[in-house]
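Asker: Here's my sequence, what's the structure:
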Amino acid sequence: ADELDTLGVRVANLEKKADAVKITGEVRYHYTDNGGDDKANGSKLRSRIWFTGAINEDWTYTGMIQNEQDLYHDNAGDEDTKFQRAYINGKLGGLKVQAGRYNLNLVDGNVYDNRFDGIQVTYGKDVKIVAGYGKADQTVEASTYKAADDAFVNNNPNADTTYYATVSGNVGALELHGGYYAFDYEKYADDNGAGKAWKTKIDDDRDIWNIGAEYAFDKNVKLRFDYLSGDDDAAKGDDDGYVAKLSYKGAKASQPGSWGLVARYYDMGQAAYIDHTMNGYGDSYNNVTSQGFKGYSVFANYAFAKNIVGQVEWYDLESKEGSKDVSTLWSQVVFTF
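Answerer: Below is the predicted model of the structure:
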């Protein structure tokens, strides 16, 4: 220490800077088995490394690298590594600010749960107001439909401008919330389905609003209900939907032996959601052929040991239009460090 001090370097400062960066990780193995009208299965290994650093007393930086390895479809060892998160958090006056590439979860994942490039501000404590602007990772997986000029539209719209605003507050054990979410996206069409390159740009948008409530019977049991309504000229069928959720406790990685249960019932029109959080077949019903979905899911999770949590999920979902019915069994084990 004396030698370092003579060089103008203080050991205490070095230790402080070293502690400013924290590295954590997560490894998840999952297996999925679809039955019914779309029989398929598969498994993946997903690894995540998180970096958290202190910029100053009010601002922090978070980054995350993710690697996925396909363990089922072939023996080629297919894998993909991406820089999935990169954002800062801090304060500006009375506002909490988050900016960069972060995960955006809207309405408990019933509207959108995916990456988002943008900025979000939060104000208030007892009554919390949140507003954000940016670009969603993906938008609706709309099936091919005919536009006004009889041109066929491709299945993969590109995300464009997205903005959202929510408000929430508590009245005793009852939490009330609501919000508005606007997704503008682009599609490209060929000329009358003649097989030419996509070249005709067709702008569209999907606007969604919701109101909901969650009641805590005690610290373990909660009941939540969300009503959603959407507006999209390209969507067909019902433009609204709802989700009811009952939850009991929940497994915690830091508490071996902890466990939890979650049950949901869905009735979702095509226009009422964008990219659902579920591991079931819900997003595949977001098209003009299926026009949304309805059904239920049940989860159970358990902490086998410290930082080792397993979860099993069951979905039974059917399209709102037609007769497509797909059940999904999803199982996973997550190791954190």
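
Asker: Every contact and neighbour count from this point should use C-alpha atoms.
Answerer: Noted.

Asker: got the contact list for D226?
Answerer: Going by CA atoms under 8 Å, 6 or more residues apart in numbering, D226 touches 107, 210-213, 242-244.

Asker: excluding its backbone neighbours, what's nearest F225?
Answerer: A244 (4.6 Å; CA to CA, 6 or more residues apart in numbering).

Asker: May I ask which helix or strand encompasses the one you found?
Answerer: strand 240-249 (DSSP states H and E).

Asker: So what are the sheet partners of that strand and their directions?
Answerer: Strand pairing for strand 240-249, using DSSP bridges, gives strand 221-231 (antiparallel), strand 259-269 (antiparallel).

Asker: Report the beta-bridge partners for N34.
Answerer: Beta-bridge partners of N34, counted by DSSP bridges, are A40, T328.

Asker: Quick check: the nearest residue to Y242 once chain neighbours are set aside vs W59, distance?
Answerer: What sits nearest to Y242 in space, not counting adjacent residues and going by CA to CA, 6+ apart, is Y227, at 4.4 Å. Distance from Y227 to W59, counting by CA to CA, to the nearest Å: 36 Å.

Asker: quick one: which of the two has more around it?
Answerer: The neighbour comparison of Y227 against W59 (other CA atoms under 10 Å) goes to Y227, with 19 against 16.

Asker: sec struct for V288, please.
Answerer: coil (DSSP: H, G, I helix; E, B strand; the rest coil).

Asker: V334 now?
Answerer: Classification of V334 using three-state DSSP returns strand.

Asker: That one bridge partners, please.
Answerer: Under the criterion used (DSSP bridges), V334 bridges to R28, V309.

Asker: G292 too?
Answerer: G269.

Asker: Does it touch Y266 like I think?
Answerer: No: counting by CA atoms under 8 Å, G292 does not reach Y266; the two are 10.0 Å apart.

Asker: the more surrounded of the two?
Answerer: The residue with more neighbours, out of G292 and Y266, is G292; 32 against 20, by other CA under 10 Å.

Asker: Tell me which residues touch the more buried one, please.
Answerer: 237-238, 268-271, 282, 285-286, 319-321.

Asker: pLDDT check: weakest of the residues you listed?
Answerer: Comparing pLDDT over the contacts of G292, the lowest score belongs to N286 (81).

Asker: Quick check: the gap between that residue and Y242.
Answerer: On the measure of CA to CA, N286 and Y242 end up 15 Å apart.

Asker: Those two - which one has more neighbours?
Answerer: Between N286 and Y242, counted using other CA under 10 Å, N286 has the larger neighbour count: 28 against 20.

Asker: May I ask you to confirm that the more buried one is in contact with Q270?
Answerer: Yes: with contact defined as CA under 8 Å, N286 reaches Q270; the gap is 5.2 Å.

Asker: What is the neighbour count of L261?
Answerer: Residues lying near L261 (other CA under 10 Å) number 19.

Asker: The nearest residue to it once chain neighbours are set aside - how many residues pack around it?
Answerer: The shortest distance from L261 to any non-neighbouring residue, by CA to CA, 6+ apart, is to A300 (4.6 Å). Neighbour count for A300, taken as other CA under 10 Å: 19.

Asker: Just give me how far the strand or helix carrying A300 sits from the chain centre.
Answerer: Using DSSP H and E, A300 sits within strand 292-305. Computed by CA atoms, centre = their mean, to the nearest Å, the chain-centroid distance of strand 292-305 equals 16 Å.
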